[in-house]
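[1] Pasting the sequence and the predicted model now:
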2 protein chains.
Amino acid sequence: MRASDRAYSLLRSDIVEWRLAPGDLLAEVEQSARLGVSRTPLREALSRLVAEGLAAPAGRGVVVSAISLAAVTDLFEVRLPLECAAVRLAAHRGDPALFTALAEEFAAAGRLIEDDDGGQDAYYALVARLDREIDDAARNPYLLQAQKPIRTHLARVRRLARDNPRRLLASAREHEQIALALGAGNAELAEASMRVHLHNSLQHLRSPLPGDPDPHHREEHHG
Amino acid sequence: MRASDRAYSLLRSDIVEWRLAPGDLLAEVEQSARLGVSRTPLREALSRLVAEGLAAPAGRGVVVSAISLAAVTDLFEVRLPLECAAVRLAAHRGDPALFTALAEEFAAAGRLIEDDDGGQDAYYALVARLDREIDDAARNPYLLQAQKPIRTHLARVRRLARDNPRRLLASAREHEQIALALGAGNAELAEASMRVHLHNSLQHLRSPLPGDPDPHHREEHHG
DNA sequence: CCGCGGGGAACTGTATACAGAACCGCCAGG
DNA sequence: CCTGGCGGTTCTGTATACAGTTCCCCGCGG
């Protein structure tokens, strides 16, 4: 693997998983030393991050781009039409049997969620599989290109809101409904199900947790 | 201006305006010599082009990415929901007076189009102004980020289909209708007008040349 | 005549050296 | 005490040197 790829992957995960906070300066010499690569491949990694929106030029050098729960609304304003378009296309072009099988998996996903922590990862993997199958079925590279940055940013804010089993169970039912509609080749129903799911997802993300109303805005000084 | 910016701009326009054809190899030494920059900034320009989808890695090095009229349908499948979302947001958040003024300019745009070739450029500039105002009014950076690559690819295929005055006049009326709806703050009507416009645009792009890759050929068999 | 292997050339990937520019802090003046 | 200019320092932007790899071409053998 190329050094620039390693640098990109490491920096990307550092940003998405909040080890690097918004506003943190990504200095070339510092990061290249930390990641064990030279400045040239690190610069390529940085330009990729900037193109993706995870970093932004700020004066001299680039910083981790700002994001907050306030941006979630903006993100969903774009995500909604894109995902709806995706499921409409998938309903017309996809293989119904495939989605029917996925729907059954979602119907049985309650066991995964109520499991201990390992099961939740399995559920997230299931969701990712459905997303991938929708992408494949939609068969439109430009749609993918448009969705990719949106999903990246969403992965970033999702870390702010801890999913609880209650929400995950509801999410599983919503995904099951989407998969069922796709299995039936019903584009209208698939889009409606997606709208329901995205509405509930957004509402869940925006509802602050009691006792921790502003988790993304705390400023901790390193000791 | 930085050397990497110059290299990026030059390569980008070379690709969009078909001076570099799909499949052409973008060799680092060759291009850096041609553009008068060193390999380091040229590499940054190349990675930006790859991120944008205008170039793609191919074996050793990168090549100009393939595109064709077949891709227009895919592009519009993504463009339609994005532009509809944009005008809906703009109708709610934008300044009505601004769009009303633009609508009047479109109503008077017939003179521009029937002018000799210089006027057509002025008309294209007017369209670009409306796009910009919609972007500003939508006030959503992620929507912009999703639309940018789509518009880039569209600019590339648009060069395949030469607009004729007849289509431009119809286009002006459609844009006027969109601007009017935005001036009235009518999101539903704005979206409907946008759908009409995109439908006609797609139909125009797909109609003229099933097997006529050379834009210099006349296609006036219909009179 | 065709296939295969080796050598060479050229290209990419990486590291590093150098120059220009921006930021920070200090000092002097009001 | 505040402010403005100035110098030092450090960083980015760029160029270039070097190494590894891959591709191509030529020659040799079947």
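    Thanks, I have the structure now. Numbering: from 1, shown residues only, chains lettered A, B, ... in the order given.
[2] and the closest residue to DNA strand D within chain A, how many neighbours?
    Proximity of chain A to DNA strand D (CB to the nearest atom of the strand) peaks at A:E28, 3.3 Å away. For the C-beta atoms, the positions are set from N, CA and C on the backbone; glycine is no exception. Counted with other CB atoms under 10 Å in any protein chain shown, residues neighbouring A:E28 total 15.
[3] didn't it look like it was pressed against A:T40?
    No: assessed by CB atoms under 8 Å, A:E28 is found out of contact with A:T40, at 9.6 Å.
[4] if we can go back for a sec, need the phi and psi values for the residue of chain A closest to DNA strand D.
    For A:E28, the backbone dihedrals (degrees, to the nearest 10) come out as phi -70, psi -50.
[5] tell me the pLDDT at the residue nearest to it when sequence neighbours are not counted?
    Nearest non-adjacent residue to A:E28, counting by CB to CB, 6 or more residues apart in numbering or on different chains: A:R39, 5.0 Å away. For A:R39, the pLDDT comes out at 93.
[6] Is A:R39 in contact with A:A27, as I believe?
    No: counting by CB under 8 Å, A:R39 stays clear of A:A27, with 10.2 Å between them.
[7] okay, now the residue of chain A found nearest DNA strand C: neighbour count?
    Here the residue of chain A nearest DNA strand C is A:S38; by CB to the nearest atom of the strand that distance is 2.6 Å. Around A:S38 there are 14 other residues, counting by other CB under 10 Å.
[8] Which residue comes closest to it once chain neighbours are left out?
    For A:S38, the closest residue by CB to CB, 6+ apart turns out to be A:S32, at 5.9 Å.
[9] Does that neighbour lie in a helix or a strand, and which?
    If you go by DSSP states H and E, A:S32 is part of helix A:28-35.
[10] helices or strands next to that helix in the packing?
    Contacts defined by 3 or more CB pairs under 8 Å, 6 or more residues apart in numbering or on different chains; DSSP states H and E place helix A:28-35 against helix A:3-16, helix A:39-52.
[11] if we can go back for a sec, for the residue of chain A closest to DNA strand C, give its distance to chain B.
    12 Å (CB to the nearest CB, to the nearest Å).
[12] Surely A:A184 and A:P96 touch.
    Yes: between A:A184 and A:P96 there is a contact at 6.9 Å, judged by CB under 8 Å.
[13] Can you give me the domain assignment for chain A?
    A:3-64, A:69-206 (automatic domain parsing).
[14] ok, A:V87 to B:R79 distance?
    18 Å (CB to CB, to the nearest Å).
[15] neighbour-wise, which of these two wins?
    Legend: neighbour count by other CB under 10 Å for A:V87 and B:R79, higher for A:V87 (27 against 23).
[16] Who are the contact partners of that one?
    Contacts here follow CB atoms under 8 Å, 6 or more residues apart in numbering or on different chains; on that basis A:V87 touches A:I134, A:A138, A:I178, A:A181, A:L182, A:A187, A:A190, A:E191, A:S193, A:M194.
[17] who does A:L26 bridge with?
    A:V62 (DSSP bridges).
[18] residues touching it, list them.
    Contact analysis of A:L26 by CB under 8 Å, 6+ apart lists A:L11, A:L20, A:L46, A:L49, A:A55, A:G61, A:V62, A:V63, A:V64.
[19] Can you check the pLDDT for it?
    Reported pLDDT for A:L26: 95.
[20] Repeat that for the one 10 residues further on.
    In the prediction, the pLDDT value recorded for A:G36 is 93.
[21] again with A:P57
    92.
[22] Touching, it and A:V50? I think so.
    Yes: using CB under 8 Å, A:P57 is in contact with A:V50, at 6.6 Å.
[23] Could you grab the helix/strand/coil label for the nearest residue to A:Q177 once chain neighbours are set aside?
    Distances taken as CB to CB, 6+ apart put A:S193 closest to A:Q177, at 4.3 Å, once the chain neighbours are dropped. Assigned by DSSP: H, G, I helix; E, B strand; the rest coil, the conformation of A:S193 is helix.
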